[in-house]
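Enquirer: what's the 3D shape of this:
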Amino acid sequence: MEGKYNICLDIGGTKVLGAIFNDKGEIIYRLKKRTKEKGDDVGNVEDIIISTVKDMLKETNIKKEEINAISAGAPGVSDSSTGVVLFAPNLPWRDYDLRTPIEKKFGAKFYIGNDVNLGVLGEYKYGAAQGYKNVVGIFPGTGIGGGIIIDGKLYTGTGFKAAEIGHMVLDPEGPLCGCGQCGCFETFSSKKGMSAYIQHQVARGRESFLADKIENGVFRSKYLKKAIKQKDEVALEAVDRACHYMAIATGSLINIFSPDLIVYGGGVMEACGNKFLKKILKEVDKYCMPSIRQSVELKCASLGDDSVIYGALAMIIDAEENK
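Expert: A predicted model of the protein is given here:
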């Protein structure tokens, strides 16, 4: 390590979460900034990333020369070898070179990968998946992301495009997905999928606490938690439906990968994880082979909002070890 500090970022459609790690792997400072709600400006998110790093350095009196590396997780497909974001849903990037401006500005090596891939890697290195060799991660949020660890290594597939678990087709007659397919896992079990179900029921004349909490097609996870607590009938139906399809998807992934662990993360699981996990556990055995199921554990992630930034740290460490 040339510098003492690693800067790790979780880049989303509406926010950038940043953290500074010292040389012991401890977070010494963190900062969250919002991006524009309707930002179609390519440079906007890049500007927020740069200002986030600059502000963190200013607040901690860390000089650019003390930075070892900067690493980020972002939604969509990124070429980790070149630092180019090939495609990012909810962000205005297509074939966008993010590495060059970041490295030019701060004089440190920059790494980027898919956010949920890194979230699963973070859990594998530092969280709930420590000690397991083969892990599949399912992270329901606005959509559904996934990550796969095989024999202790993150599997990214050809062109870094693997683990699009949210786009497994579970019902070809199901709802239209943003990807163009029908009946994707995401259309049932993500916040978008649950929101669509709730809005459909409200349009039929039913009432729900979440009816006026859905903005731009999704509710915030904290409102779902509140609706469950209030025993909101429509919200509970949406949860049951989401968990039913989570169980189906989990069963298929168990059959395909025979992992040691399925780990569930993301905003929905962080807010309502135990309730979701109990429902998944009740059903999952119907959808996988008993001989495979008996060797697989299912549990919730433990790092919460920090799973991606810890995964970004792991990406830096892995890159340096493989030099």
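Enquirer: where do the strands of the stretch 1-150 of the chain begin and end?
Expert: Taking DSSP state E, counting those that start in this stretch, the strands of the stretch 1-150 of the chain run over residues 5-11, 15-21, 27-34, 67-74, 77-79, 84-88, 93-97, 109-114, 135-140, 144-150.
Enquirer: contacts for the fifth one next, please.
Expert: By Cβ atoms under 8 Å, 6 or more residues apart in numbering, the residues outside strand 77-79 that reach it are 84, 85, 86, 87, 88, 112, 113, 114, 159, 160, 161. Glycine gets a C-beta too; all of them are placed from N, C-alpha and C.
Enquirer: what's the distance between the fourth one and residue 181?
Expert: To residue 181, residue 87 is 16 Å away according to Cβ to Cβ, to the nearest Å.
Enquirer: report the distance from stretch 169-181 to the chain centre.
Expert: Relative to its chain's centre, stretch 169-181 lies at 21 Å (Cα atoms, centre = their mean, to the nearest Å).
Enquirer: in this structure, what residue sits furthest out from the centroid?
Expert: Using Cα atoms, centre = their mean, the residue of the chain lying farthest from its centre is residue 205. It sits 34.0 Å away.
Enquirer: for residue 289, the count of nearby residues, please.
Expert: 12 (other Cβ atoms under 10 Å).
Enquirer: that should have said residue 195, apologies.
Expert: If you count neighbours by other Cβ under 10 Å, residue 195 ends up with 21.
Enquirer: now for the helix ranked longest in the chain, which elements pack on it?
Expert: In the chain, assigned by DSSP state H, the helix with the most residues is helix 233-257. On a contact count with 3 or more Cβ pairs under 8 Å, 6 or more residues apart in numbering; DSSP states H and E, helix 233-257 meets strand 135-140, helix 186-189, helix 191-203, helix 221-229, strand 261-264, helix 267-283, helix 290-293.
Enquirer: buried ones in the fourth one?
Expert: Judged by neighbour count (16 or more other Cβ atoms under 10 Å), helix 221-229 contains these buried residues: 221, 223, 224, 225, 226, 227, 228.
Enquirer: packing partners of it?
Expert: helix 191-203, helix 233-257, helix 267-283.
Enquirer: average model confidence for that helix?
Expert: If you average the pLDDT over helix 221-229, you get 94.
Enquirer: show the contacting residues for residue 268.
Expert: Contacts of residue 268 by Cβ under 8 Å, 6+ apart are 140, 141, 190, 191, 221, 224, 276.
Enquirer: hmm, try it at 10 Å
Expert: Residues in contact with residue 268 (Cβ atoms under 10 Å, 6 or more residues apart in numbering) are 139-142, 144, 189-191, 194, 221, 224-225, 239, 242, 246, 276.
Enquirer: okay, now the residue nearest to residue 184 when sequence neighbours are not counted: neighbour count?
Expert: Leaving aside its chain neighbours, residue 184 sits nearest to residue 177 (4.0 Å; criterion: Cβ to Cβ, 6 or more residues apart in numbering). For residue 177, the neighbour count with other Cβ under 10 Å is 21.
Enquirer: circling back to that earlier point, quick one: the residue farthest from the centre of the chain is in a strand?
Expert: No - counting by DSSP: H, G, I helix; E, B strand; the rest coil, residue 205 is not found in a strand; it is coil.
Enquirer: could you check how far the residue most central in space within the chain is from residue 201?
Expert: Per Cα atoms, centre = their mean, the C-alpha nearest to the average position across the chain is that of residue 116, at 3.5 Å. The gap separating residue 116 from residue 201 is 29 Å, by Cβ to Cβ.
Enquirer: just the terminal-to-terminal distance for stretch 62-79.
Expert: 29 Å (Cα to Cα, to the nearest Å).
Enquirer: distance of the residue farthest from the centre of the chain relative to residue 198?
Expert: Computed as Cβ to Cβ, the residue 205 to residue 198 distance reads 13 Å.
Enquirer: residue 168 now?
Expert: 23 Å.
Enquirer: of these two, which one has the most company?
Expert: residue 198 (25 against 19).
Enquirer: before we move on, back to that, contacting residues for the residue nearest to residue 184?
Expert: For residue 177, counting by Cβ under 10 Å, 6+ apart, the contacting residues are 143, 166-167, 169, 183-188, 190, 192-193.
Enquirer: hang on, the earlier thing: among the contacts of strand 77-79, show me the least confident.
Expert: residue 88 (76).
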